[in-house]
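In: With the sequence up front, the predicted model follows.
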Amino acid sequence: MKKLITIFVLVGVAVVYGAQEAPKPKGIFSMLTAGQSVDLKNEGAAYTICTYDGDAPTSHTVLEVGEDYVILRDIAGVTETAVSVYSVKSIEKVKLTLE
């Protein structure tokens, strides 16, 4: 009986440990979230992604954020662009209101 209880406890611990939330990715794309409105600027050899802290008209919406890529959809909903971490010049956060 004690062996059976030990097995149930071990299974319970494994289930709880496995159900923990995945850690938030750290890196250049960690400030982006799915559904966020952004601007994508072509800077020649690289892209600049601009985020805003307030309500501003933007050209793209973030669909998916990975460790080394981000997928954006244009405002018309026609084009989805996958941007690799190697093709990003910078990610700018623009504050529209002064504190």
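Out: That came in fine, so what should we check first?

In: Now name the helix or strand holding Ala82.
Out: Ala82 belongs to strand 80-84 when assigned by DSSP states H and E.

In: neighbouring strands for the helix or strand following that strand, and are they parallel or not?
Out: Going down the chain from strand 80-84, the next helix or strand is strand 88-94, by DSSP H and E. Applying DSSP bridges to the sheet, strand 88-94 is found paired with strand 47-52 (parallel).

In: outside of the following helix or strand past the strand it pairs with, which residues touch it?
Out: As assigned by DSSP H and E, the chain's next helix or strand after strand 47-52 is strand 60-65. Strand 60-65 is contacted from outside by 25, 29, 32-40, 70-75, 80-81, using CB atoms under 8 Å, 6 or more residues apart in numbering. In this view, the C-beta of every residue, glycine as well, is placed from N, C-alpha and C.

In: Neighbouring strands of whichever helix or strand comes after strand 60-65 in the sheet, and parallel or not?
Out: Remark: after strand 60-65, the chain's next helix or strand is strand 69-74, criterion DSSP H and E. Sheet pairing of strand 69-74 (DSSP bridges) gives strand 60-65 (antiparallel), strand 80-84 (antiparallel).
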